[in-house]
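Q: Predicted coordinates and the sequence they were generated for:
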Amino acid sequence: MTDINSPALYRDRDFRFFISSRFLSTVAMQVQSVAIGWQIYDIERTPLSLGLVGLCEFIPMFLLTLPAGEIADRFDQRRVLAFAQALLGICSGLFLLFSLLYPHDALPFYGVLVLFGAARGFSGPSSQSLLAFLVPPERLAKSIALSSSAFTVAVIAGPALGGFLYALGPIATYSISFLGFMSAAALTTTFGGRRFDRSTVAGVSRLERVIEGIRFVRDRPIVLGAISLDLFAVLLGGAVALLPIFARDILHVGPAGLGILRSAPAVGAALTAFTLSRWPIERRSGSRMFAAVAIFGVATIVFGLSHNFYLSLAALFVTGASDMVSVNVRQSLINFATPDPMRGRVGAVSMLFIGASNELGEFESGITASWFGTIPAVILGGIGTLGVVAVWMWLFPPLRTVDRLTDVEPTSLSGKPA
């Protein structure tokens, strides 16, 4: 087994390239998200049409994420991630093509969104499990914060860029997304870092290994509680899917305003991530995560009640800042609690709970907005998030009482230190 503390394994270049690759793919995804949301709502003009965007991505992610986690543990995560990023780029190329051929028909775009969701199902587990192999253990928590900073800067720049590019038309928007995904894939193929012996997976079926990953998460209240808390908070409190309606019909700010609204949570998240990279959370980690999710719920309610563009921006800023605290604690807990041979599968379960919950949350938001109206749907979601916080504090006391993140140690399925 390779000594994980050997300095020769880790190159600063690999971490920089990882950050760059994640930044490029995230910008591309955010640019594309603004374009596809505005384009489909412009064609269909119903909240349900925006909900279907999330559903088309959720279904393949739900079906493929757990098998993709097993593949990330069985094969090299670098190759899996590069393949997925290239497939995301192909989807951008198809969006560009259909914008030329079928600009007034939403059906082809929904079809590509299914393929896009499949690609995300493969990219999520490999990306989440990879960072622990590129940096030494003592730098992992800080590296997660720095990676989150780069991610949130991309989430700031991407929607704003997408909003302004869409003023030039969908062709320019999808072309930038295509270049971003393909550049990210090229960078990913250059990663070095630590690798572990994958010969130990022989003799075990893929289904058994997938089940093993699910059982690992299920039997650890800290990991299960952190992942499921984020799932239900995002599922109930996600207002992002309805932003095209707010931008067009409530705040009347157009595509450029939509891009700014989409960027506001990321501005809050980026500033928080930068702060956490300089001054990491050292004590009362669990209780602070619960407090952050509660603040997220309150800010969501404020956004739903607001008819003022600047108050809406401020509320979205707070949702992003509070969510970043939760993300930082959750990712650190998962990385510290997971042994190397399980990282891909645990990352897949995390992705299934968290990543897919964004898309399922979009569908939920579209349905509730169709039933109750856009503003009541957002307010009810914020109230539901507060309820989830209260219930999860009662269900997962080990998570609530976590103090130092570094006190959490990886364990095998037998419960012994890995």
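A: Yep, that arrived.

Q: neighbours of Phe181, just the number please.
A: 28 (other Cβ atoms under 10 Å). For every residue, glycine as well, the C-beta is placed using N, CA and C.

Q: Contacts for the host helix or strand of it next, please.
A: Element membership of Phe181, judged by DSSP states H and E, is helix 170-188. For helix 170-188, the surrounding residues in contact (Cβ atoms under 8 Å, 6 or more residues apart in numbering) are 17, 20-22, 24-25, 27-29, 31-32, 34-35, 39, 78, 81-83, 85-86, 88-89, 92-93, 95-96, 99-100, 103, 161-162, 165-166.

Q: Of the residues you listed, which belong to strands?
A: Among the contacts of helix 170-188, none falls in strands (DSSP state E).

Q: where along the stretch 101-250 of the chain do the helices fall?
A: Along the stretch 101-250 of the chain, counting by DSSP state H, counting those that start in this stretch, helices occupy 107-130, 140-166, 170-188, 206-218, 221-237, 243-245.

Q: Save those helices as JSON lines, and put in distance to Ala299 and mean pLDDT too.
A: Shown next, in JSON lines, are these (distance: least, Cβ to Cβ, whole Å; pLDDT from 0 to 100):
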{"stretch": "helix 107-130", "distance to Ala299": "26", "mean pLDDT": "85"}
{"stretch": "helix 140-166", "distance to Ala299": "16", "mean pLDDT": "76"}
{"stretch": "helix 170-188", "distance to Ala299": "29", "mean pLDDT": "91"}
{"stretch": "helix 206-218", "distance to Ala299": "29", "mean pLDDT": "69"}
{"stretch": "helix 221-237", "distance to Ala299": "9", "mean pLDDT": "73"}
{"stretch": "helix 243-245", "distance to Ala299": "14", "mean pLDDT": "80"}
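
Q: Which one, of the ones you listed, ends up nearest to Gly268?
A: Closest to Gly268 of the helices of the stretch 101-250 of the chain, according to Cβ to Cβ: helix 140-166, at 8.4 Å.

Q: Run the angle between that closest one and helix 170-188 for me.
A: Calculated by axes from the mean of the first three to the mean of the last three Cα atoms, to 10 degrees, helix 140-166 forms an angle of 160 degrees with helix 170-188.

Q: now stretch 220-231, how far from the chain's geometric center?
A: From the chain centre to the centre of stretch 220-231 is a distance of 15 Å (Cα atoms, centre = their mean, to the nearest Å).

Q: Quick check: buried residues in it?
A: By 16 or more other Cβ atoms under 10 Å, the buried positions in stretch 220-231 come out as 220, 222-231.

Q: Show me the shaky parts of the stretch 251-400 of the chain.
A: Along the stretch 251-400 of the chain, the model assigns pLDDT under 70 to residues 337, 340-344, 347-364.

Q: And the helices in it?
A: Assigned helices in the stretch 251-400 of the chain, in chain order: 254-278, 285-305, 309-337, 343-350, 356-372, 374-395, 397-400 (criterion: DSSP H, counting those that start in this stretch).

Q: got a markdown table for those, with mean neighbour count and distance to Ala132 too?
A: Rendered in a markdown table, the data for these read as follows (neighbours: other Cβ atoms under 10 Å; distance: least, Cβ to Cβ, whole Å):
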| stretch | mean neighbour count | distance to Ala132 |
| --- | --- | --- |
| helix 254-278 | 22 | 17 |
| helix 285-305 | 22 | 18 |
| helix 309-337 | 22 | 6 |
| helix 343-350 | 28 | 6 |
| helix 356-372 | 22 | 22 |
| helix 374-395 | 19 | 26 |
| helix 397-400 | 17 | 21 |
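
Q: Nearest approach to Leu66 belongs to which of the helices of the stretch 101-250 of the chain?
A: helix 206-218 (5.1 Å).

Q: quick revisit: just the closest of the buried residues of stretch 220-231 to His307, please.
A: Nearest member of the buried residues of stretch 220-231 to His307, counting by Cβ to Cβ, is Asp230, at 29.3 Å.

Q: Surely that closest one touches Val329?
A: No: using Cβ atoms under 8 Å, Asp230 is not in contact with Val329, being 10.0 Å away.

Q: what is in contact with those two at once?
A: Counting by Cβ under 8 Å, 6+ apart, nothing touches both Asp230 and Val329.

Q: For Val298, which non-adjacent residue is closest in space?
A: Among residues not flanking Val298 along the chain, Gly382 sits closest, at 6.8 Å (Cβ to Cβ, 6 or more residues apart in numbering).

Q: wait, Ile375
A: Gly304 (5.4 Å).
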